[in-house]
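J.: mind folding the following:
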Amino acid sequence: MSDDFSLGAQIGILIALLILSAFFSSSETALMSINRYRLRHRSRSGHRGAQLAEALLKRPDRVIGLILLGNNLTHVLAASLTTLIAVRHWGEHSVAVAALGLTVIILIFAEVMPKTAAAINPEKIAYPAAFIFYPLLKLIYPVIWMLNGISNGLLWLIGIRVQDGYQHHLTQEELRAVLTDPGTRIPKKRQQMMTRILDLENITVEDVMVPRADVVGIDLAQDWEDILRQIQNTPYTRMPVYSDELDNLQGVVHLRSVVRDLAHGRLERDALARSLKEPYFVHEGTSLNRQLFHFQNEKQRLALVVDEYGDVQGLVTLEDILEEIVGDFTSDPADLARDVHPQRDGTFVVNGSANIRDLNRTMGWELPIDGAKTLNGLIVNYLESIPEPGTGLKLSGYPIEILNVTDNIVKTVRIHPRKNS
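T.: Residues are numbered from 1 along each chain as shown. Just a heads-up that it's a prediction; the model follows:
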């Protein structure tokens, strides 16, 4: 009876050791695979388990040392107990079979299963485990300190600095991968906005500016009545003021400063001239993220874009940059109707002067944006010649037919919807 009780107690202890080993194995995987940024968020939100886990992971070598110490002790004790049971009850010849059986049991029930479960649901295991490991680490800290000192010293001899691996920083491309991960819980619209913010560094002012030919301003060489009519009917709040041509820029007028005189019929050329502000110039190669900060620092909303020779190439506003982030919110639908004309057969007749980035944003297309800014420029660069009407080509999977060419400029094209392969 006592032998039976002794065998039962030994098997019970062995099972407890296997459960303890499974706990150590799953905890190690959970703590090492937990999302550090979600952990930091939950810690800042007051979750006690997350706070303890974050504290442990500030020195992962220590928590790993603690877990491996516990796991190895359980394995040694389990192996010793298995050997004792085998010798006592089945003879020395059964030791090899018992060792093989224990190895299989440990692999399945104390390693593979718990680690797989921890990798799938790390938070469910890491947070409760942190309540055990945090005080346990303090209790046996001298032992862990000695083990880590020896292992870290050996790593240092082969050129590995443990401290270098403690900080976790995301590169821009890694952050982009996180944002675009299909498993992310970020809504699609916000996901697009955040990735567009990252893209601002790769987009220049030249890519989004209003081209010189399309800049709407006040020409002081015009009759005063025409100028008044233009001010009354313009949809813009800020306009460049020039004489004869845009390069002869006089300044920028904020229409709010002249609206009172205009309403009372007192606005004259002198009053308009006095209301002009110094124009703000930016180089065409300035990235949008840098220009956004420039607008903020200079307290400006409109800038004239110049090339390396100082010639005005166009105009950019704060709204143009914001639209690159949030999409169109200030543009007039008539602007799109002027450039894109849907046809009954599902194709689109598009003006060659249409801006490619605007087309992609408003139509959901994916035309190339590297190089040319307008559809005409894109086609001419691709063909490396001025095409004849009727010429067909395919750009990024979109079949395009040239409809009209005037003065060596592609005026209109027909774009067919891209077929999904």
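J.: OK, contacts around residue 412?
T.: Residues near residue 412 by C-beta atoms under 8 Å, 6 or more residues apart in numbering: 349, 350, 351, 352, 403, 404. Backbone N, C-alpha and C define where each C-beta goes, glycine included.
J.: tell me which entries of the residues you listed lie within strands.
T.: If you go by DSSP state E, these have 349, 350, 351, 403, 404 in strands.
J.: now those: which count as buried?
T.: Taking 16 or more other C-beta atoms under 10 Å as the criterion, what is buried in the ones in strands among the contacts of residue 412 is 349, 350, 351, 403.
J.: nearest to residue 150, of those residues?
T.: Within these, proximity to residue 150 (C-beta to C-beta) peaks at residue 350, which comes in at 70.5 Å.
J.: that closest one against residue 338, yeah?
T.: No: Residue 350 is beyond contact range of residue 338, at 10.5 Å (criterion: C-beta atoms under 8 Å).
J.: per-domain residue ranges of this protein.
T.: 2-165, 203-326, 333-415 (automatic domain parsing).
J.: could you dump these to CSV with distance to residue 177 and mean pLDDT?
T.: Formatted as CSV, the domains of the chain follow (distance: least, C-beta to C-beta, whole Å; pLDDT from 0 to 100):
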stretch, distance to residue 177, mean pLDDT
domain 2-165, 13, 87
domain 203-326, 19, 88
domain 333-415, 20, 86
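J.: could you dump those to JSON lines with distance to residue 191?
T.: Below are the domains of the chain laid out as JSON lines (distance: least, C-beta to C-beta, whole Å):
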{"stretch": "domain 2-165", "distance to residue 191": "16"}
{"stretch": "domain 203-326", "distance to residue 191": "12"}
{"stretch": "domain 333-415", "distance to residue 191": "16"}
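J.: closest one to residue 195 among these?
T.: Among these, if distance is taken as C-beta to C-beta, the winner is domain 203-326, at 9.7 Å.
J.: chain center to that closest one: distance?
T.: Centroid separation between domain 203-326 and its chain, computed with C-alpha atoms, centre = their mean, to the nearest Å, is 33 Å.
J.: leaving out chain neighbours, which residue sits closest to residue 417?
T.: The spatial neighbour of residue 417 that comes closest, neighbours along the chain excluded (C-beta to C-beta, 6 or more residues apart in numbering), is residue 346 at 6.0 Å.
J.: coming back round to it: from the ones in strands among the contacts of residue 412, which single one is nearest residue 21?
T.: Lowest distance from residue 21 to the ones in strands among the contacts of residue 412 (C-beta to C-beta) belongs to residue 350, with 67.4 Å.
J.: residue 394: neighbour count?
T.: Counted by other C-beta atoms under 10 Å, the residues lying close to residue 394 total 11.
J.: can you pull the contacts of the residue lying closest to residue 410 once chain neighbours are set aside?
T.: Using C-beta to C-beta, 6+ apart and skipping the chain neighbours, the partner closest in space to residue 410 is residue 352 (3.8 Å). Contact analysis of residue 352 by C-beta under 8 Å, 6+ apart lists 374, 375, 376, 379, 409, 410, 411, 412, 413.
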